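Q: just the structure for this:
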Amino acid sequence: MAHVSDLIATDIEQYLKAHEHKSLLRFITCGSVDDGKSTLIGRLLYESKMLFEDQLAAVEADSKKFGTQGDQIDFALLVDGLAAEREQGITIDVAYRFFSTDKRKFIVADTPGHEQYTRNMVTGASTADVAILMVDARRGILTQTRRHSYLVSLLGIRHIVVAINKMDLVDYSEKVFRDIREDYTAFAAQIGLEDVSFIPLSAFRGDNIIEPSSAMPWYHGSTLMAYLETVEIDDARMQRAPFRLPVQWVNRPNLDFRGFAGQVASGVIRPGDRIRVQPSGRESTVARIVTHGGDLAQAVSGQSVTLTLADEIDISRGDVISTVEAPAEVADQFETTLVWMHDEPMLPGRPYLLKIGAKTVAATITDIKYQVNVNTLEHVAAKKLELNAIGVCNISLDRPIAFDAYRDNRDTGGFILVDRLSNNTVGAGLLHFALRRAHNIHLQHVDVDKVARATQKHQKSCVLWFTGLSGAGKSSIANLVEKKLHALGHHTYLLDGDNVRHGLNKDLGFTDADRVENIRRVAEVAKLMVDAGLIVLTAFISPFKSERRMARSLMGDDEFIEIFVDTPLEIAEQRDVKGLYKKARRGELKNFTGIDSPYEAPENPELRLTTPQLSLDAAADAVIATLRLRGVIAD
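A: Now for the predicted structure:
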């Protein structure tokens with residue numbers, strides 16, 4: 001049931017109308033384990049009359065079975081919904097709850113305190129206006145408290161309440177409260193938290209939650225509920241920011257109407273205002289602001305509207321409509337902070353999809369500047385980011401996008417990374433600024449192009465990408481194919497794995513991160529050689545699907561021919577010309593493909609060569625026949 005109001009009994013329509021127009025505050029509770037986050041939310045739900053009688057009866061029964069408060073109601077059980085949470089007495093997943101008062105509506109996210117659930121905490125904090133940071137009065141500021149404070153600062157939450165909980169267990173001591181406030185104030189200054197309020201309370205007993213506590217007459221500040229009812233909501237601040245509307249849908253119901261629908265991310269817009277569409281840079285004037293209930297005289301941050309323009313200009317889903325006076329920036333390379341959320345580590349050079357607003361583009365992490373130790377805030381060197389790690393990275397996109405720095409606008413400065421093969425969300429990021437080279441480096445037009453160079457050589461340029469286990473026969477087959485092509489008068493170049501590591505890639509080892517970078521460099525070199533009109537042969541294990549897909553994406557249509565040299569591990573190991581398998585089996589060679597590092601076999605290669613059944617010459621002839629069939633060389 002909703003918060004108790006006299007209007008419910010006397011005028012339900014008036015009550016519903018008033019409820020509809022209340023402002024909505026989103027906030028999170030975070031802090032160390034067992035600081036009382038779930039208990040606080042349960043108390044808020046109880047005090048705001050948001051429980052049905054059967055829910056109250058159920059939690060009373062659960063308190064006897066799972067509770068930690070003796071014969072009293074364990075309010076934490078109202079939020080800890082997972083069986084594992086109740087059994088362990090901790091929060092694992094993010095739990096969202098709604099409640100309301102006469103003044104405001106609320107959505108609260110109870111976020112987990114354990115370090116291994118950092119990604120869950122980041123998810124809950126991404127849309128919050130306020131963070132309630134729980135501190136156990138007996139234990140003071142802990143490492144986990146500092147870590148969550150850093151994450152709150154990182155995610156741009158501007159209003160922080162340090163709720164010093166369990167004051168009843170320290171006899172409501174003013175000295176304890178002041179000591180914790182002094183310690184946290186010094187730490188908050190280090191990480192740039194400015195708007196910090198301190199409230200002593202007992203979530204279990206209800207002190208300073210709704211009413212001022214008679215047990216703490218020395219505290220003259222606000223109660224927690226009074227603070228939540230009056231703090232500024234982020235939407236109010238964003239209405240003062242420059243106008244942004246990320247286009248979610250081009251609305252074309254008939255030939256006479258063309259509008260651009262989306263939610264206003266910031267600012268105010270009115271008919272007659274000049275706008276700029278980005279990244280194209282085209283400009284026009286707003287003709288109408290259309291909604292289901294009729295046209296509006298203005299639209300503000302948080303409203304979902306459809307804009308029609310005075311001019312017919314090309315706008316697509318994912319574009320951003322900005323004010324002319326203060327447009328969003330446009331770039332394709334950025335410095336970012338990245339929170340990694342997947343069990344498989346993030347490796348620089350590996351291709352991902354980046355989704356910002358309604359726009360999805362191809363992205364590559366080009367460099368990890370450093371990883372942040374969230375417990376000490378120390379910057380440490382890193383070659384990859386593991387699950388829950390946070391790093392400052394450079395990222396490159398395949399096309400320019402419109403953006404704002406995350407600190408200025410979370411909607412146009414925040415993004416997620418998506419795995420291209422599984423479509424899983426693997427990371428969340430915050431854009432800092434465009435790299436200078438994004439604006440200063442441009443493609444130079446040349447008159448002699450790839451087609452002209454290849455035509456001169458009487459061939460079509462392409463890449464023959466040989467992949468397979470060590471000892472499968474990749475280099476031998478590629479070498480024989482090149483000899484046959486050379487004899488036919490074609491222009492080729494063979495990039496062999498061992499040869500490349502003597503020069504271009506001699507600084508790389510055999511870790512997963514170095515393997516990714518090895519293939520990235522080879523793919524870029526192959527792309528240049530294809531542009532030169534050559535038939536390029538590459539003989540590399542290239543064990544990961546994502547890197548082979550990245551190499552394919554660099555080439556044009558029909559220019560990438562994947563050739564899987566399919567040799568079983570036991571046969572490749574029997575050959576072992578270089579003695580590498582023996583070293584790997586003895587533990588002398590780490591990260592060896594097929595032994596202690598995986599090989600991800602191609603699912604749909606253009607050509608599969610089963611070398612146990614094919615002779616070397618037959619395999620080479622099969623490649624030549626494929627080239628003729630695809631029109632790369634003449635019959």
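Q: in this protein, which helix is the longest?
A: helix 512-531 (DSSP state H).
Q: which of the residues in that one are buried?
A: Neighbour counts over helix 512-531 (16 or more other CB atoms under 10 Å) mark 512-520, 522-523, 525-527, 529-531 as buried. Bear in mind the C-beta positions are built from the backbone N, C-alpha and C, glycine included.
Q: same for that helix, what does it pack against?
A: Applying 3 or more CB pairs under 8 Å, 6 or more residues apart in numbering; DSSP states H and E, one finds that helix 512-531 contacts helix 450-456, strand 462-467, strand 492-496, helix 497-500, strand 535-539, helix 545-554.
Q: any residues touching the fifth one, and which ones?
A: When contacts are taken as CB atoms under 8 Å, 6 or more residues apart in numbering, the neighbours of strand 535-539 outside the stretch itself are 459, 461-466, 474-475, 477-479, 481-482, 485, 490-497, 522, 526, 529-530, 627, 632-633.
Q: R420 is in what secondary structure piece?
A: R420 is part of no helix or strand, with elements assigned from DSSP states H and E.
Q: just the buried ones from the contacts of strand 535-539?
A: Among the contacts of strand 535-539, those classed as buried by 16+ other CB under 10 Å are 459, 461-466, 474-475, 477-478, 481-482, 485, 490-492, 494-497, 522, 526, 529-530, 627, 632-633.
Q: which element is V392 on?
A: When elements are assigned from DSSP H and E, V392 belongs to strand 390-403.
Q: ditto for F27
A: Per DSSP H and E: strand 23-31 holds F27.
Q: can you give the contact residues for that strand?
A: By CB under 8 Å, 6+ apart, the list of residues contacting strand 23-31 from outside reads 37-38, 40-41, 104-111, 113, 121, 124-125, 127-135, 144-145, 148, 151-152, 157, 228, 231, 233, 235.
Q: return the subset of those residues lying in strands.
A: Counted as lying in strands by DSSP state E, out of the contacts of strand 23-31, are 104-110, 130-135.
Q: farthest-apart pair in these, please.
A: Maximum pairwise distance in the ones in strands among the contacts of strand 23-31, criterion CB to CB, is 26.8 Å, between K105 and V135.
Q: those two: which is more packed in?
A: Counted by other CB atoms under 10 Å, K105 and V135 do not tie: V135 has more neighbours, with 25 against 18.
Q: per-residue pLDDT, the more buried one?
A: Here the pLDDT value assigned to V135 is 93.
Q: hang on, isn't H432 packed against E335?
A: Yes: when contacts are counted by CB atoms under 8 Å, H432 is listed as touching E335 (4.4 Å).
Q: overlap in contacts of these two?
A: Joint contacts of H432 and E335 (CB under 8 Å, 6+ apart) are V392.
Q: the helix or strand F260 falls within: partners in the sheet, and parallel or antiparallel?
A: Per DSSP H and E, F260 falls inside strand 257-263. The strands that strand 257-263 pairs with in its sheet are strand 249-254 (antiparallel), strand 304-309 (antiparallel) (by DSSP bridges).
Q: hey, which of the ones you listed is tucked in deepest?
A: Ranked by mean neighbour count, those are led by strand 304-309 with a mean of 20 (mean count of other CB atoms under 10 Å).
Q: after it, next one along is what?
A: Toward the C-terminal end, the helix or strand that comes next after strand 304-309 (DSSP H and E) is strand 320-323.
Q: helices and strands around that following strand, which ones?
A: Contacts defined by 3+ CB pairs under 8 Å, 6+ apart place strand 320-323 against strand 244-246, strand 274-278.
Q: how about the helices in the stretch 301-450 of the chain?
A: In the stretch 301-450 of the chain, the helices defined using DSSP state H, counting those that start in this stretch lie at 410-413, 436-440, 450-456.
Q: looking at these, spot the one closest to P543.
A: helix 450-456 (29.3 Å).
Q: pull out the buried residues from the closest one.
A: Neighbour counts over helix 450-456 (16+ other CB under 10 Å) mark K450, R453, A454 as buried.
Q: quick check: the residue in the chain sticking out farthest from the centre vs T455, distance?
A: Distance from the centre of the chain peaks at A487, with 51.0 Å (CA atoms, centre = their mean). For A487, the distance to T455 equals 21 Å [CB to CB, to the nearest Å].
Q: tilt between the strand holding F27 and strand 130-136?
A: Orientation check (axes from the mean of the first three to the mean of the last three CA atoms, to 10 degrees): strand 23-31 against strand 130-136 gives 30 degrees.
Q: note down every partner strand of strand 23-31 and its orientation.
A: strand 104-110 (parallel), strand 130-136 (parallel).
Q: tell me, which of those strands is the model least confident about?
A: Among these, strand 104-110 has the lowest mean pLDDT, at a mean of 85.
Q: buried ones in the strand holding F27?
A: Result for strand 23-31 [16+ other CB under 10 Å]: buried residues L25, R26, F27, I28, T29, C30, G31.
Q: give me the pLDDT for the first one.
A: Read it as L25. The predicted local confidence for L25 is 90.
Q: where are the low-confidence patches of the chain?
A: Along the chain, segments meeting pLDDT under 70 span 1-20, 49-94, 112-117, 437-443.
Q: next, the contact list for S213, please.
A: Contacts of S213 (CB under 8 Å, 6+ apart): Y172, P200, L201, S202, D207, Y219.
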